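>>> sequence and predicted structure, then a few things I'm wondering about:
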Amino acid sequence: MSASNFKAAPMPDISATDRAINRVAEASHRLNEAVRRATEAGYSVELVRVSRHHDGAGNWGDQIVPTVRTVERTTEA
């Protein structure tokens, strides 16, 4: 076998702030996709704030949980 021509790619140099924002954005996109799929599967999804996280320096973030319910469908003959 011949030697590989692959080299390690340098990681992008982004700040911790940008990394944190990217994580929230990515998680939001995944959550939205999951809500869309659940809705298409016949569920209703509501995101409810259950708490608010504070860092002690004036920054805060809402923490949520989903409530999910199905619609009871009756069949009429």
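Yep, it's here.
>>> for the rest of this, base every contact and every neighbour count on C-alpha atoms.
OK.
>>> give me the contact list for stretch 33-44.
Stretch 33-44 has contacts (Cα atoms under 8 Å, 6 or more residues apart in numbering) with 45, 68, 69, 70, 71.
>>> could you redo the last one with a cut-off of 6 Å?
68, 69, 70 (Cα atoms under 6 Å, 6 or more residues apart in numbering).
>>> so who does the last one touch?
Which is residue 70. Residues in contact with residue 70, defined by Cα under 6 Å, 6+ apart, are residue 43.
>>> please apply the same query to the second one.
Residue 69 makes contacts with 43, 44, as judged by Cα under 6 Å, 6+ apart.
>>> confirm it sits in a strand?
Yes. According to DSSP: H, G, I helix; E, B strand; the rest coil, residue 69 belongs to a strand.
>>> who does it form a beta bridge with?
Residue 69 has these beta-bridge partners by DSSP bridges: residue 44.
>>> from residue 13, how far out is it?
Distance of residue 69 to residue 13, given as Cα to Cα, to the nearest Å: 43 Å.
>>> between the contacts of stretch 33-44, which is nearest residue 58?
Using Cα to Cα, residue 68 comes nearest to residue 58 of the contacts of stretch 33-44, at 32.3 Å.
>>> quick check: that closest one vs residue 34, distance?
Distance of residue 68 to residue 34, given as Cα to Cα: 12 Å.
>>> for the residue nearest the centre of the chain, pull up the helix or strand it's in.
Central residue of the chain (Cα atoms, centre = their mean): residue 27, 2.5 Å from the mean position. Here residue 27, judged by DSSP states H and E, is contained in helix 16-40.
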